[in-house]
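Trainee: Quick check, what structure comes out for this input:
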Amino acid sequence: MEHIRQPPFLPVSREELTALQISRPDITIVSGDAYVDHPSFAAALLGRYLWNTGFTVAIIPQPDPKDPETIIHLPPPRLFFAISGGSVDSMVSNYTPARKRRSDDAYSPGGKPKRPDRAVLVYSDLVHRLFPDIPLVIGGIEASLRRFAHYDYWSDRIRQSILADAPVDLLVYGMGELALHTLAEKLSNGGKIREIRDIPGTTWKIPPKEYRDLNLPGSIEIPSFKNVSDNNNDFCTAHRIIAENQDPISGKTIIQRHPKTVIVQNHPARPLTTREMDALYGLPFKRREHPSYPMPVPALNPVRFSIISHRGCYGNCHFCAISMHQGKIIQSRSSASVLAEIKEIAGMKEFTGTISDIGGPSANMYDDHCNRWDKQGACTDRECVTCPSLKHNISSYLDLLDKATEIERVRHVFIGSGLRYDLIPMDPVVMKRICDHISGQMKVAPEHIVPSVMKHMNKPDGIVFEQFRQSFEDSQAGKKRRQYLIPYLMSGHPGCTIYDMITLAEYLRDTKMYPEQVQDFTPTPLTISTCMYATGLDPVTGKPVHVPKEHEKRIQRAILHWKDPANHHFVLEGIRAAQRPDLIGTGDKCLIYSEKKEEIRPYFRKNRHS
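Mentor: Prediction:
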């Protein structure tokens, strides 16, 4: 279709549509986020992409489920509603890992929570009730990771595919540009939403009676909703098959039966080319909140002057869903495109000279490539991180950072994304170049240090991190203003015991790395770690796994903040459980001090052999 001139902001009101001489948009995006015109926010990215391909787009940000006027204030779209819970899963956004309601939401004006629980279901019900004849499409992280039967941490049960619960026609999973554009083209050409079943990167549903007559050659059926609900081994089998078919080239169509419907997932959409990535991120984003907001949106501040250089991650950490959403294949922009975007930012009057980040899920995977990706797809029987076929050259990324600092008005270019430390050569020159682009802190994610725990996380062995830490410390010798290593750590992960957490705390004590933040493992749908949490089994090996729950998770988290007086009771309980009274007292190796040491001794005499 013919390109339509991009508006200053995508319209959110009838008045803005009228000013653009649009009586009815082609597509309306309903989002759980406030509308921020920045490429880090999905509604803006997808909306401007669709607009650039010839379709007009309006946005309804954060509608009130109790007020239909927040939906009907705009004329209904000509083609379809696209509904998303927002950039963050609504349950993760609204609740802490301890299932306590959060008091703020960084993606809302002023940080005031507006996102309903299970936002995709709530918005879908509301829109369908108001406009029952207009096609409904769901997508985004919340819908994408719930496309099959899944374990839901907040209700502590197996839930149906979100498609089985929502009154919608189609689900777009992963990064949705290509699928949404193809759908818009088909509907614009007269296609019927319930007959559009061939778009890569989409999942659809069909009544069981119709499924019997359906022919899907090369498809694979995974255990049904009933089977995965009743049998842990079936749940693991289903997860393993789903994970093995998330490649756009080798992935097969996946089918899962539910009581009243059958879920069908087409193979993933292909990755964007460098040229397509350049065009997408070169669209005229304002990098501001919509002017109608009286208060700032907190999530914009840390990313406003940041650059997305690539997508995808082949690290395959078991607790992370990126490989099931963005995929393993790295999709990089050209350096010319990144530098052109920085020049645009440097021309903004609000720009103060600092690019806060150039990166992606793992910053130093930029420009990485494997020849197999082009024709065979990503391997399912080996890890890319350790494969010699993968071409990793950190110099491409560092050269990009250096060139960015040469742009007029740019004083600093920092690495804000996490670095994959096991991909950084133990080379003093490389380390110096990296340190030149961090402020006072280098952020890396070892997550743990105990080998058995790291194996369950699919992270490199703790020895690798220790070698990196030593290399970093060597790079600080002689500096007037030293930098610090900030490790991201996780507590409560399947396979981790209280004893393991104490081992980690001792390592931090000895290396003088007291963590500022600790991530308490939160089971989110469609990750291997969540599969372990739900079943007590490792889906890769089939062997039982220790799963910390509730109170033990609270103790594990407290142990990593052993200096906080509020955690004293929990740390003391953990030390007792691990039978480590040597960690209580005033010595250099002690984690906590207790004036009532005599209370500890009877406990250990009593429980030594229990």
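Trainee: if I look at the residue nearest to Cys379 when sequence neighbours are not counted, how far off is Glu350?
Mentor: Distance criterion Cβ to Cβ, 6 or more residues apart in numbering; nearest residue to Cys379, sequence neighbours excluded, is Arg372 at 6.7 Å. No exception for glycine: its C-beta is placed from N, CA and C like everyone else's. Counting by Cβ to Cβ, to the nearest Å, the separation of Arg372 from Glu350 is 44 Å.
Trainee: Which of the two has more residues huddled nearby?
Mentor: In this view Arg372 and Glu350 are compared by other Cβ atoms under 10 Å, and Arg372 has more residues nearby, 16 against 9.
Trainee: Give the next helix or strand downstream of the helix or strand containing that one.
Mentor: Using DSSP states H and E, Arg372 sits in helix 371-375. Scanning forward in sequence from helix 371-375 by DSSP H and E, the next helix or strand is helix 394-405.
Trainee: Next, the buried residues of that next one.
Mentor: By neighbour count on 16 or more other Cβ atoms under 10 Å, the buried set for helix 394-405 is 394, 397-398, 400-401, 404.
Trainee: Return the member of those nearest to Leu423.
Mentor: Distances from Leu423 to the buried residues of helix 394-405, taken as Cβ to Cβ, are shortest for Ile394 (6.9 Å).
Trainee: For that closest one, give me its contacts.
Mentor: 364, 423-425, 430 (Cβ atoms under 8 Å, 6 or more residues apart in numbering).
Trainee: out of those residues, who has the most neighbours?
Mentor: Neighbour counts for these, by other Cβ under 10 Å, peak at Asn364, which reaches 23 neighbours.
Trainee: nearest spatial neighbour of Phe472, skipping sequence neighbours?
Mentor: Leaving aside its chain neighbours, Phe472 sits nearest to Leu485 (5.3 Å; criterion: Cβ to Cβ, 6+ apart).
Trainee: Span of stretch 151-168 from start to end?
Mentor: End-to-end distance of stretch 151-168 (Cα to Cα, to the nearest Å): 21 Å.
Trainee: Ignore what I typed, I meant stretch 133-152.
Mentor: 31 Å.
Trainee: quick one: average confidence on that stretch?
Mentor: Averaging the model's pLDDT scores along stretch 133-152 yields 97.
Trainee: With stretch 250-257 instead?
Mentor: 96.
Trainee: Name the residues of that stretch that are buried.
Mentor: Neighbour-count burial for stretch 250-257, counted by 16+ other Cβ under 10 Å, picks out 251-257.
Trainee: chain center to that stretch, what's the gap?
Mentor: 23 Å (Cα atoms, centre = their mean, to the nearest Å).
Trainee: Same question for stretch 64-81.
Mentor: Distance, centroid of stretch 64-81 to centroid of chain: 28 Å (Cα atoms, centre = their mean).
Trainee: That one: which residues count as buried?
Mentor: Using 16+ other Cβ under 10 Å as the test for burial, stretch 64-81 gives 70-71, 74, 76-81.
Trainee: try stretch 50-60
Mentor: Within stretch 50-60, judged by 16+ other Cβ under 10 Å, the buried ones are 50-53, 55-60.
Trainee: Just the mean pLDDT for that stretch, thanks.
Mentor: The pLDDT scores in stretch 50-60 average 97.
Trainee: Equivalent analysis for stretch 348-360, please.
Mentor: Throughout stretch 348-360, pLDDT has a mean value of 96.
Trainee: Identify all contacting residues around that stretch.
Mentor: Contacts of stretch 348-360 (Cβ under 8 Å, 6+ apart): 287, 302-313, 338, 342, 345, 363, 366, 400-401, 404, 409-417.
Trainee: re the thing from before, in which helix or strand would I find the residue nearest to Phe472?
Mentor: strand 484-491.
Trainee: Using PDB, write out the CA atom coordinates for that strand.
Mentor: Extracted in PDB, the C-alpha atoms of strand 484-491 (Å, rounded to 0.1, in the frame of the first residue of the first chain):
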ATOM      1  CA  TYR A 484      32.500  -1.400  40.300                       C
ATOM      2  CA  LEU A 485      31.100  -4.700  39.100                       C
ATOM      3  CA  ILE A 486      27.400  -5.000  39.800                       C
ATOM      4  CA  PRO A 487      26.200  -8.700  39.600                       C
ATOM      5  CA  TYR A 488      22.500  -9.400  38.900                       C
ATOM      6  CA  LEU A 489      21.600 -12.400  41.200                       C
ATOM      7  CA  MET A 490      18.600 -14.600  41.600                       C
ATOM      8  CA  SER A 491      17.200 -16.400  44.600                       C
END
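Trainee: which of the residues in the helix or strand that that strand is followed by are buried?
Mentor: Going down the chain from strand 484-491, the next helix or strand is helix 498-511, by DSSP H and E. Across helix 498-511, burial judged by 16+ other Cβ under 10 Å covers 498, 500-509.
Trainee: Quick one: mean pLDDT for helix 498-511?
Mentor: 96.
Trainee: going forward can the numbers begin at 681, since that is how I track them
Mentor: Right, with 681 as the first residue, what we last looked at is helix 1178-1191.
Trainee: hmm, back to that, which elements pack onto the helix holding Arg1052?
Mentor: Applying 3 or more Cβ pairs under 8 Å, 6 or more residues apart in numbering; DSSP states H and E, we find helix 1051-1055 packed against no helix or strand.
Trainee: So what sits opposite the residue nearest to Phe1152 in the bridge?
Mentor: Counting by DSSP bridges, Leu1165 forms beta bridges with Met1122.
Trainee: Quickly list the domain ranges of the protein.
Mentor: 694-945, 985-1119, 1123-1290 (automatic domain parsing).
Trainee: Next, format those as a markdown table and append distance to Pro688.
Mentor: Formatted as a markdown table, those follow (distance: least, Cβ to Cβ, whole Å):
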| stretch | distance to Pro688 |
| --- | --- |
| domain 694-945 | 8 |
| domain 985-1119 | 14 |
| domain 1123-1290 | 35 |
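Trainee: Of those domains, give the one that comes closest to Pro951.
Mentor: The nearest among the domains of the chain, by Cβ to Cβ, is domain 985-1119 at 4.6 Å.
Trainee: Low-confidence bits of the stretch 681-830 of the chain, can you list those?
Mentor: Low-confidence regions of the stretch 681-830 of the chain, defined by pLDDT under 70, span residues 681-683.
Trainee: dump the residue contacts of Pro888.
Mentor: For Pro888, the contact set (Cβ under 8 Å, 6+ apart) comprises 937, 940-942.
Trainee: Which PyMOL command selects the buried ones in these?
Mentor: Only the buried entries of the contacts of Pro888 go into this PyMOL selection, using 16+ other Cβ under 10 Å:
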select buried, resi 937+941+942
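Trainee: Kindly reformat the contacts of Pro888 as a markdown table containing distance to Glu1153 and secondary structure.
Mentor: Formatted as a markdown table, these follow (distance: Cβ to Cβ, whole Å; DSSP: H, G, I helix; E, B strand; the rest coil):
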| residue | distance to Glu1153 | secondary structure |
| --- | --- | --- |
| Arg937 | 56 | strand |
| Lys940 | 60 | coil |
| Thr941 | 57 | coil |
| Val942 | 57 | strand |
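Trainee: Nothing else from me, thank you.
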